[in-house]
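**Q** how would this look folded up:
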Amino acid sequence: CEVIAMGVSGWGTAQQLLALRHYGLSFSPDYVLVAFLPANDVRNNSATLEPEAIRPFFEFDADGELRLDESYLNSPQAIHARSTSTAIKVKLLSASRVLQVVQLAKARLLNRDSQSAPKPAEQTPAKQTRADEMAADETASKPLLEPGLDEAVFREPTDRRWREAWRLTEELLVAIDRESAAAGAKCYVLTLTAAVQVDPDASVQRELADRLGVDDLDYAPRRIQQLAEDRQLAVIDLVAPLRTVAAKEQTPLHGFANTQLNTGHWNEAGHAAAAKVIADRLAADWKVGN
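**A** Here you go, the predicted model:
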């Protein structure tokens, strides 16, 4: 058994589809597992919501079919990325650990400077009262959601842009499934977790749900499950089983001791819990098929 990891940090479902077309299917896979994180992938798939414009997007044509929009290739940034000087830089970085360390140090310095620079909204007014300070402290200590994730995916969209983003996302997932099947591969959509959804402290989940005015934080997995039923997709929902593991074992599945627990990506426990759910499902389906 061989597993080929083709995911790239920052990718959305559109890039996953393109990677499957241009690279993935050439390996003649038996299974295609699509890692789908609703908390930012829905936004990643929308040209109107995603701030990083230098990436491929899909749109709907007049017949409602997906059409690749490659207009970003004509942007100055994209042209620079394809230039000879950039190609030389990439080649040198790939061949030199010293240059990689220098680049990493430079990036960290720039990031540190940007984080330490005061922002207008964070500057304390001269006549701010103690009550205002306490209220500000309380708000700051209880953010709705960690940076990089979107609270909009936890509830039914009312904004046209988010409705369109969901529609695009669903059709991209269907396209991945369809093209995998055409190549003889079984496709599974994995509904990944945001840290808050599987926080061992259920009150954290409840607090965010209350702030958003929803009953729970499971709108996205329910929507994907409905898509699976409507379009005959195979879905492995990781939200419910990982939430159960986190609650039962009182173990953070996201974050690390040297960063912050219950935020960010899966840690060792999170990966182990997800791997068991996925492996059990694949094994069960394999037994049925054979």
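**Q** doesn't Val245 make contact with Thr193?
**A** No. Counting by CB atoms under 8 Å, no contact exists between Thr193 and Val245, whose distance comes to 10.5 Å. C-beta: built from backbone N, CA, C; applies to glycine.
**Q** quick one, strands of the stretch 1-150 of the chain?
**A** 31-36, 57-60, 66-69 (DSSP state E, counting those that start in this stretch).
**Q** And the contacts of the last one?
**A** Contacting residues not belonging to strand 66-69 are listed as Leu18, Ala47, Pro56, Phe57, Phe58, Glu59, Phe60, Asp61, Leu168, Glu171, Leu172, Ala175 [CB atoms under 8 Å, 6 or more residues apart in numbering].
**Q** on that earlier part again, between Thr193 and Val245, tell me which one has more neighbours.
**A** A direct count of neighbours by other CB atoms under 10 Å for Thr193 and Val245 places Thr193 higher, at 28 against 21.
**Q** got a list of what that one touches?
**A** Here Thr193 is in contact with Leu37, Leu238, Val239, Leu242, Arg243, Leu253, His254, Trp266, Gly270 (CB under 8 Å, 6+ apart).
**Q** go with 7 Å
**A** The neighbourhood of Thr193, defined by CB atoms under 7 Å, 6 or more residues apart in numbering, consists of Leu238, Val239, Leu242.
**Q** which SS state does it fall under?
**A** Three-state secondary structure (criterion: DSSP: H, G, I helix; E, B strand; the rest coil) places Thr193 in coil.
**Q** Quick check, pLDDT for it.
**A** In this prediction, Thr193 carries a pLDDT score of 98.
**Q** Tabulate the CA atom coordinates of stretch 170-184 in PDB.
**A** Coordinates of each C-alpha in stretch 170-184 appear next as PDB, following Å, rounded to 0.1, in the frame of the first residue of the first chain:
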ATOM      1  CA  GLU A 170     -20.200  21.600  -3.800                       C
ATOM      2  CA  GLU A 171     -19.700  21.400  -7.600                       C
ATOM      3  CA  LEU A 172     -16.000  21.200  -7.200                       C
ATOM      4  CA  LEU A 173     -16.300  18.300  -4.800                       C
ATOM      5  CA  VAL A 174     -18.700  16.600  -7.200                       C
ATOM      6  CA  ALA A 175     -16.200  17.200 -10.100                       C
ATOM      7  CA  ILE A 176     -13.400  15.600  -8.100                       C
ATOM      8  CA  ASP A 177     -15.600  12.600  -7.400                       C
ATOM      9  CA  ARG A 178     -16.700  12.300 -11.000                       C
ATOM     10  CA  GLU A 179     -13.300  12.500 -12.400                       C
ATOM     11  CA  SER A 180     -11.900  10.100  -9.900                       C
ATOM     12  CA  ALA A 181     -14.600   7.600 -10.700                       C
ATOM     13  CA  ALA A 182     -13.900   8.000 -14.500                       C
ATOM     14  CA  ALA A 183     -10.300   7.000 -13.800                       C
ATOM     15  CA  GLY A 184     -11.300   4.000 -11.700                       C
END
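**Q** Mind listing what's buried along that stretch?
**A** Buried residues in stretch 170-184, counting neighbours by 16 or more other CB atoms under 10 Å, are found at Glu170, Glu171, Leu172, Leu173, Val174, Ala175, Ile176, Asp177, Glu179, Ser180, Ala183.
**Q** and the second one, what does it touch?
**A** Meaning Glu171. Contacts for Glu171 (CB under 7 Å, 6+ apart) come out as Leu66.
**Q** What helix or strand is it located in?
**A** Under DSSP states H and E, the secondary-structure element containing Glu171 is helix 160-182.
**Q** Point out the most buried one among the strands of the stretch 1-150 of the chain.
**A** Scoring the strands of the stretch 1-150 of the chain by mean neighbour count under mean count of other CB atoms under 10 Å gives strand 31-36 as the most buried, with a mean of 20.
**Q** Need the residues that contact it.
**A** Residues from elsewhere that reach strand 31-36, judged by CB under 7 Å, 6+ apart: 7, 13, 16, 20, 24, 173, 176, 180, 185-192, 282.
**Q** Looking at these, which are in helices?
**A** Restricting the contacts of strand 31-36 to those inside helices, with DSSP state H as the criterion, leaves Thr13, Gln16, Leu20, Leu173, Ile176, Ser180, Leu282.
**Q** Compile these into JSON lines and extend it with columns for distance to Gln103 and pLDDT.
**A** As requested, these are exported to JSON lines (distance: CB to CB, whole Å; pLDDT from 0 to 100):
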{"residue": "Thr13", "distance to Gln103": "29", "pLDDT": "98"}
{"residue": "Gln16", "distance to Gln103": "27", "pLDDT": "98"}
{"residue": "Leu20", "distance to Gln103": "30", "pLDDT": "98"}
{"residue": "Leu173", "distance to Gln103": "35", "pLDDT": "99"}
{"residue": "Ile176", "distance to Gln103": "33", "pLDDT": "99"}
{"residue": "Ser180", "distance to Gln103": "36", "pLDDT": "98"}
{"residue": "Leu282", "distance to Gln103": "39", "pLDDT": "96"}
